[in-house]
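A.B. asks: Sequence first, then the predicted structure:
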Amino acid sequence: MYAQTTSRPSTSSKRTEKEERKLKKIAIFREQEEGENVFQRDFSVGARLNTDGWSGFVEMGYRKSRKVVNYFQFEFAEKKNPKETKRQGSGGSGFSFTERPFIYGKVNNFYQAKLGIGQRYLIGGKANKNGVEVDAIYYGGLSVGLLKPYYLNVKSQDGPEQEVKYDPSNPNNNFLNDGKIIGAAGFGKGWSDLSVVPGLHARAGLRFDWAHFNEVVSALEIGVNAEMYTKKIQIMANQDDKQFFFNAYVSLQFGKRWNRR
């Protein structure tokens, strides 16, 4: 009888410890799912659609306080002119559908490599797993503009086709002669003529994170972006060159969060 009475508390104690561990796991799971996001690090990748082009980016965040996260971002983008329209060449052998379509009047492809630092400021956390976390974002940094000349295959006066780029001092090179244009040159053409234009950029917006679990990043961001370069950028031959660019954007990004060990 004595042995039986002493074994019962031991069994009960084990059962209690097992239930406590189970409850602790449930509490941690619920905190990850529904609690406040307090993870110390986050990493995400995303794509941005701008009113004047597109971009892709990677982002790394470092929590500074309960409401503030500092983040670094690297972005690669291309700007488009709203007047860009693709055409089919008419100066070739008659089989124009076999040639690459071209953009009439395009002088340069304008790419940008951007590196900057910003902050996310918590406006409203999600109350449960179906809620949305809302952050204000402000961000700025350096921008390196990359101008790649746009080449066309054109029919020369001697007969054989040749690859030409826009030359304002030589209007007779058929670059703007619609009847002589065969099609666009390959994407690899023009990289040896790349020119670099430094600049600055800044951004402000709102970010909405709808992920069910706080350790996951699933966010949509909307806002405005401004860029200034050290000289005017020529994208089209028949349009005004610009030194200052302003656009609106929407972006999607996905990633993960974790705590520093």
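C.D. replies: Sure, I can see it. Numbers count the residues shown, from 1 in each chain.
A.B. asks: measure the most centrally placed residue in the chain to Pro101 for me?
C.D. replies: Centroid check for the chain by Cα atoms, centre = their mean gives Gly56 as the closest residue, at 2.8 Å. Between Gly56 and Pro101 the computed distance is 24 Å (Cβ to Cβ, to the nearest Å). Glycine gets a C-beta too; all of them are placed from N, C-alpha and C.
A.B. asks: and if you look at His201?
C.D. replies: For His201 relative to Pro101 (Cβ to Cβ), the value is 31 Å.
A.B. asks: which one of those two has more residues nearby?
C.D. replies: Of the pair His201 and Pro101, His201 is the one with more neighbours under other Cβ atoms under 10 Å, namely 21 against 13.
A.B. asks: ranges for the strands of this protein?
C.D. replies: Secondary structure of the chain by DSSP state E: the strands cover 41-50, 53-63, 68-79, 86-87, 102-103, 108-124, 133-149, 152-155, 161-164, 181-184, 195-209, 216-233, 242-258.
A.B. asks: returning to that earlier point: partners of the residue nearest to the centre of the chain in the sheet?
C.D. replies: Ala47, Phe76 (DSSP bridges).
A.B. asks: can you check Phe245 too?
C.D. replies: Residues in a beta bridge with Phe245, per DSSP bridges, are Glu227.
A.B. asks: pretty sure it is touching Lys232, no?
C.D. replies: No. Counting by Cβ atoms under 8 Å, Lys232 is not a contact partner of Phe245; they are 11.0 Å apart.
A.B. asks: Settle it for me: which of these two has more neighbours?
C.D. replies: Phe245 (21 against 11).
A.B. asks: any idea how far that one lies from Gln112?
C.D. replies: Applying Cβ to Cβ, the value for Phe245 to Gln112 is 9 Å.
A.B. asks: got any residues that touch both of the two?
C.D. replies: Residues within reach of Phe245 and of Gln112 at once, by Cβ atoms under 8 Å, 6 or more residues apart in numbering, are 79, 227.
A.B. asks: what would the strands of the chain look like in JSON lines with mean pLDDT?
C.D. replies: Shown next, in JSON lines, are the strands of the chain (pLDDT from 0 to 100):
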{"stretch": "strand 41-50", "mean pLDDT": "98"}
{"stretch": "strand 53-63", "mean pLDDT": "97"}
{"stretch": "strand 68-79", "mean pLDDT": "98"}
{"stretch": "strand 86-87", "mean pLDDT": "90"}
{"stretch": "strand 102-103", "mean pLDDT": "94"}
{"stretch": "strand 108-124", "mean pLDDT": "97"}
{"stretch": "strand 133-149", "mean pLDDT": "97"}
{"stretch": "strand 152-155", "mean pLDDT": "91"}
{"stretch": "strand 161-164", "mean pLDDT": "90"}
{"stretch": "strand 181-184", "mean pLDDT": "91"}
{"stretch": "strand 195-209", "mean pLDDT": "98"}
{"stretch": "strand 216-233", "mean pLDDT": "97"}
{"stretch": "strand 242-258", "mean pLDDT": "97"}
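A.B. asks: how about those in JSON lines, adding distance to Glu19?
C.D. replies: As requested, the strands of the chain are exported to JSON lines (distance: least, Cβ to Cβ, whole Å):
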{"stretch": "strand 41-50", "distance to Glu19": "33"}
{"stretch": "strand 53-63", "distance to Glu19": "33"}
{"stretch": "strand 68-79", "distance to Glu19": "37"}
{"stretch": "strand 86-87", "distance to Glu19": "67"}
{"stretch": "strand 102-103", "distance to Glu19": "69"}
{"stretch": "strand 108-124", "distance to Glu19": "35"}
{"stretch": "strand 133-149", "distance to Glu19": "32"}
{"stretch": "strand 152-155", "distance to Glu19": "75"}
{"stretch": "strand 161-164", "distance to Glu19": "76"}
{"stretch": "strand 181-184", "distance to Glu19": "70"}
{"stretch": "strand 195-209", "distance to Glu19": "34"}
{"stretch": "strand 216-233", "distance to Glu19": "29"}
{"stretch": "strand 242-258", "distance to Glu19": "29"}
